[in-house]
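**Q** missing the sequence, but the structure's below:
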C-alpha cells in the first residue's frame, strides 16, 4: 500500500465518516452539506492519525516499527506537512458547510476538532486519562457534527445520544489500548494511566464504561429512536462488548489487551450497523 494512504488509516477515517452517514440515514436525507460533512470527518480523522504518527515517532519505533514514518517510507517533515494539509482541507470543507447552510456551528465544531486533535497528538496523549477522554470526545463529536450539519432539532438530539454512546465505548477502548502499548509508552517516557497506577484500575474503569454503555443500548429502542431490528443486531454487539469486559478484567497482559481492543472495534462496527438498520 502507498505509505501516504496507509498513514491515513483509511479504515479508521472511513469509520469516522460513518457517523455522518448514520445520522443522515436516521433523518432519511442526503444533501451537499451532508456529503461535505462526510468528507470533512474523513479529512479531520485522517489528519489526526497522521499528526499523531508524527509525534509518536519514538513510541512507534518500538510498538509499530512497520508504520510509514518509523519505517522511513515517509520522512518526519513530510508527515508533519501532510497532517497540516489534511487539517486545512477539513477546515475548508467545514467552512463551506456553514456557508451553504447559513449555520456557523459546523465550522466552529471543525475548528474545535482541529485544536483538540493537534493537542491530543502533541500533549494530551501522554496525560493520564485526559488523552483517552479526548479521543472518546472526538469520536462522539462526529455524530453531533452530523446533527448540526442537517440542522434538524430532533436529529440533533438523537445525534447527541449516539455521540454519548460512541464517547463512552471509545474511551474504554483507548484505556485498553494504553494497557496494550504500555512497554513502548514506558520507553518513550509517556505518562498513561496504566504506567502511573498499574493495569488493574484502568482495566476496571474500562470494564465499568463498557458495561454502562451496554446497559444503555436498549434505551435507543425503548425511546422509539430505532426499530426492533436495532434491538436484534445490537444484542450481538453487546455480547461482544461484555466478552471484552470479562477478558480485560481477568487479565491485563499485552495479548489480551490487543484482543479486547480489536473486538471492541468490531463490536462498535456492529453497533453502527444496528443504528443504520434500526432507522428503517
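**A** That came in fine, so what should we check first? Owing to the predicted nature of the structure, the values given are computational and were not obtained by experimental measurement.

**Q** tell me the pLDDT at the closest residue to residue 165 other than its chain neighbours?
**A** Nearest in space to residue 165, with sequence neighbours left out and distances taken as C-beta to C-beta, 6 or more residues apart in numbering, is residue 213 at 6.0 Å. Every C-beta, even on glycine, is put in place using the N, C-alpha and C of the backbone. On the pLDDT scale, residue 213 is placed at 92.

**Q** Please give the number of neighbouring residues around residue 213.
**A** Neighbours of residue 213 under the rule other C-beta atoms under 10 Å: 25.

**Q** helix or strand for it, which one?
**A** Counting by DSSP states H and E, the element that carries residue 213 is helix 200-216.

**Q** In terms of secondary structure, what does that helix contact?
**A** Judged by 3 or more C-beta pairs under 8 Å, 6 or more residues apart in numbering; DSSP states H and E, helix 200-216 is in contact with helix 153-180, helix 193-197, helix 228-250.

**Q** okay, those in TSV with mean neighbour count and mean pLDDT next?
**A** As requested, the helices and strands packed on helix 200-216 are exported to TSV (neighbours: other C-beta atoms under 10 Å; pLDDT from 0 to 100):
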stretch	mean neighbour count	mean pLDDT
helix 153-180	22	90
helix 193-197	18	89
helix 228-250	18	94
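
**Q** Output these as JSON lines; include the columns distance to residue 66.
**A** Listed next are these as JSON lines, based on distance: least, C-beta to C-beta, whole Å:
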{"stretch": "helix 153-180", "distance to residue 66": "16"}
{"stretch": "helix 193-197", "distance to residue 66": "23"}
{"stretch": "helix 228-250", "distance to residue 66": "25"}
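
**Q** picking that back up, following the helix holding residue 213 in sequence, what is the next regular element?
**A** From helix 200-216, the next helix or strand downstream (DSSP H and E) is helix 219-222.

**Q** what's that next one packed up against?
**A** helix 228-250, helix 254-278.

**Q** got the buried residues for the last one?
**A** Neighbour counts using 16 or more other C-beta atoms under 10 Å place 256-257, 259-261, 263-265, 267-268, 270-278 of helix 254-278 among the buried residues.

**Q** model confidence over it, on average?
**A** Rounded mean pLDDT across helix 254-278 is 90.

**Q** Check stretch 126-140 too.
**A** Computed over stretch 126-140, the mean pLDDT rounds to 84.

**Q** Below-threshold pLDDT in the stretch 1-150 of the chain: ranges please.
**A** 1 (pLDDT under 70).

**Q** roughly how far apart are residue 199 and residue 279?
**A** 39 Å (C-beta to C-beta, to the nearest Å).
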